[in-house]
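S.K.: this is a predicted model, with the sequence first.
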Amino acid sequence: MTQTEQHQFQAETNKLLNIIIHSIYTNKEIFLRELVSNSSDALDKVRFEINRGVEVIEPDQDLEISLHVDSENKKLIIRDTGIGMSREDVVNNLGTIAKSGTEEFLKKVSEEKENPDNIIGQFGVGFYSVFMVADKVQIKTQSAYPGTAPVFWSSDGMGSFDIGEPEEQISRGTQIEVFINQENEEYLDAEKIKSIIKRHSNFISFPIYVEEEKVNTISALWKESKFNISTEQYNEFYKFLTYSSEDPFETIHISVDAPVQFNSILFIPEHGTGMFDPYNMEYGLDLYVNRILIQRKNQELIPQHLGFLEGVVDTEDLPLNLSRQAIQENALIRKINSTISKQVFGRLEKIAQNEPERYNKFWNEHGKILKLGYMDFENRDKFCELLRYNSSCFDDADGLTSLSEYVQRMKEGQKEIYFVSGQSRENIVSNPHLELFKDKGLEVLYLFEPVDEFVLQAIGSYQEYPLKSVEHVDPNDLEQFESSQEKKEELSEDEEKDLDKLLEKMKEILGDQVTEVRASKRLNQSPACLVSPDSGMSSQMQRIMQVVNKDNSVPKQIMEVNPNHPLSKNLLKVYNKNPEDEFIKTATTQLFESALLLAGYLSDPHSLVNRNFSLLENASKWYTQSREM
Ligand code: ADP
Ligand code: MG
């Protein structure tokens, strides 16, 4: 060896190494999956360069991966004829962690205090996993780019690595010598290595040799006729592709010739990752041109709202040397995208029709992402059939209904579909705006996520029925529907007049805080609520928009008072005795602030709470007095 230099690993890398080395992960064999997948990536890269006419050294080398066991020196050697690495590449790629997957892994391990063993298998933790089984790793690599010097790298994974030049010439690609440690000598058994490769790397698209014997099948499964592929083969391919240990929820194999030729195998995973923000998640399909991998996780092949899909697309209609930019702008890719969308929506609709329970499972896992498809006009009709909501027809938050089921349950004469938003079912059922609907037995959809209202607003109506927030329904329009309660005694003309005066007084007390105080037709339990003048958005939606815009102002609303509530009747009595009685002021302010609190607008609850304490004090005084305690 010529002279070497010592470098320290980046802090993050050390952290990762520590987790990996000290984990008691039982499935250590995945280190092979990681090394083989890196070799495969390196081969893809060199093939890509050759195809676009970039000069590389030894262009006629076979593209392959080979493994040898050196039992005497307790070494496992993995070699590929791929793109190789320059000195700079080695320092950057094997000394630091730049990729998001690993960061995500570290974050998850540190944030959730989750045992890394449970997640190592699902994540490609990459090259460093080799230190689960090795006490030393040496790499010799020769970059494919002409004029680049070969590099030697060595490390025991304990904080630093050495880098230098290898003594002998080596041919293009990378050779990794894994010095297997004492506890893991089973990885020096060639038969064991073969079986691991078959298990985890069977679908690698380059030949893999173990002791000169080819062990993988290298067939492009997606190019075969679906009638020749068994469920087991699809499932095996899915597990290879995603590192998942469970079978997919659904498999979709597409082969089309027009308007564009492509083959694709798509999978819907059983579970959503739950880890990624749907707006920022990494999604996409692997793009092949005639069996040659062009790009992993290409995002142009599917719309974001189908981002839960995993799979591959292979087309013969694209040139091999397409740049990323060109892929993005390619009309062909857009056609593939739209064909895939149509097929996936079709499949989902079929599941929803034929296996509604199973569809609900899908919705619970992936609905959050699918919902974002409200701008997909081509598939609008199917999209509407696929939406699911909780509603007042269920006893708990688990029930789900489609819009079409809702319509079937609609009351005679009902011309609109009603919905209400809130963070949870508990939050929604106490919304005073629902009282009238409950009373009249009108079903209301419950929307738990902010995006739901955007979705319903975007689609506007279902069949011929407009979708309407309960807050925007005029109670007079519901008069045709019979109340389930006994008819309340109507106020006499005199009482009406008194009530009007009381309401005027309340408006005077609240001043500019409200636009109007009026008698409510929508309340039959709560004493008061706030109603927003129709702005197209429900108050929940407005509130969310305000939070987004960091707007702290309180919008001016109408306060509605329930004239039949005992509190109103008592207030009338007080008012008739003395319109200036302090109690009217206290009660009005308390009602207003409580309504504000319910609508999410009360920023400082102190005065509300203090008033509440003194009211309680009075109530307790009267209570004890009346009971002669
Ligand atoms: P990932 O494969 O997700 O990028 P890894 O930790 O597995 O992460 O590998 C880190 C990087 O090291 C790779 O991205 C690649 O640049 C480089 N690398 C690893 N193995 C090889 C190899 N056999 N040939 C060329 N480059 C490699
Ligand atoms: Mg890797």
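M.R.: Perfect, I can see it now. Numbers count the residues shown, from 1 in each chain. Ligands and ions are numbered 1, 2, ... in the order given.

S.K.: look up phi and psi at G159.
M.R.: Listed backbone geometry of G159 is phi 110, psi -30, with angles given as degrees, to the nearest 10.

S.K.: now do the SS call for the closest residue to ligand 1 within the stretch 351-500 of the chain.
M.R.: With distances taken as Cβ to the nearest ligand atom, the stretch 351-500 of the chain approaches ligand 1 most closely at I369, which sits 23.8 Å away. Any C-beta I mention is one placed from the backbone N, CA and C, and that applies to glycine too. Each residue gets one of three states, and I369 gets helix by DSSP: H, G, I helix; E, B strand; the rest coil.

S.K.: pretty sure it contacts H305?
M.R.: Yes. The pair I369 and H305 passes the contact test of Cβ atoms under 8 Å, sitting 5.9 Å apart.

S.K.: what number of residues lie near the residue of the stretch 351-500 of the chain closest to ligand 1?
M.R.: A total of 21 residues lie near I369 under the criterion other Cβ atoms under 10 Å.

S.K.: ok, K350 next?
M.R.: K350: 11 surrounding residues under other Cβ under 10 Å.

S.K.: check the one 5 residues further on too.
M.R.: Look at E355: counted by other Cβ under 10 Å, it has 12 neighbours.

S.K.: N610 and G511, how far apart?
M.R.: Taking Cβ to Cβ, to the nearest Å as the measure, N610 falls 20 Å from G511.

S.K.: per-residue pLDDT, the closest residue to ligand 1 within the stretch 1-150 of the chain?
M.R.: Shortest the stretch 1-150 of the chain-to-ligand 1 distance, computed as Cβ to the nearest ligand atom: residue-wise this is G126, at 2.5 Å. In this prediction, G126 carries a pLDDT score of 79.

S.K.: same check, this time on L523
M.R.: Here the pLDDT value assigned to L523 is 88.

S.K.: how about it, nearest residue that isn't a chain neighbour?
M.R.: Using Cβ to Cβ, 6 or more residues apart in numbering and skipping the chain neighbours, the partner closest in space to L523 is N562 (3.8 Å).

S.K.: close to ligand 1: what parts of the chain are there?
M.R.: Of all the residues in the chain, those in contact range of ligand 1 (Cβ under 6 Å from any ligand atom) are 34, 38-39, 41-42, 80, 82-85, 93-94, 99, 124, 126-127, 174.

S.K.: emit the ChimeraX select command for whichever of these are buried.
M.R.: A single ChimeraX command suffices to select whichever of the residues of the chain next to ligand 1 are buried according to 16 or more other Cβ atoms under 10 Å:
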select :34,38,39,42,80,82,83,84,85,94,124,126,127,174
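
S.K.: now, the residues of the chain next to ligand 1 that are in strands?
M.R.: When DSSP state E is applied, those are split such that D80, T174 fall in strands.

S.K.: let's see which of the residues of the chain next to ligand 1 end up in helices.
M.R.: Cross-referencing the residues of the chain next to ligand 1 against helices under DSSP state H gives E34, N38, S39, D41, A42, N93, L94.

S.K.: now the first one: closest residue in space that isn't a chain neighbour?
M.R.: The one in question is E34. Sequence neighbours aside, S129 is the residue nearest to E34 in space, at 4.9 Å (criterion: Cβ to Cβ, 6+ apart).

S.K.: next one: the third one
M.R.: Counting by Cβ to Cβ, 6+ apart, S39 lies nearest to D80, which is 3.6 Å off, once chain neighbours are set aside.

S.K.: which elements pack onto the helix or strand harbouring Q625?
M.R.: With secondary structure defined by DSSP states H and E, Q625 is part of helix 606-626. The helices and strands touching helix 606-626, judged by 3 or more Cβ pairs under 8 Å, 6 or more residues apart in numbering; DSSP states H and E, are helix 582-599.

S.K.: now the angle from the helix it packs on to helix 606-626?
M.R.: Between the axis of helix 582-599 and that of helix 606-626 there is an angle of 130 degrees, by axes from the mean of the first three to the mean of the last three Cα atoms, to 10 degrees.

S.K.: OK, contacts around E495?
M.R.: The neighbours of E495, taking Cβ atoms under 8 Å, 6 or more residues apart in numbering as the test, are L572.

S.K.: quick one: it is in a helix?
M.R.: Yes. Read with three-state DSSP, E495 is one of the residues of a helix.

S.K.: neighbours around D395, how many?
M.R.: Neighbours of D395 under the rule other Cβ under 10 Å: 8.

S.K.: tell me if it really is in a strand.
M.R.: No. Under the criterion used here (three-state DSSP), D395 is coil, not part of a strand.

S.K.: phi and psi next, for it.
M.R.: The phi and psi values for D395, taken as degrees, to the nearest 10, are phi -90, psi -20.
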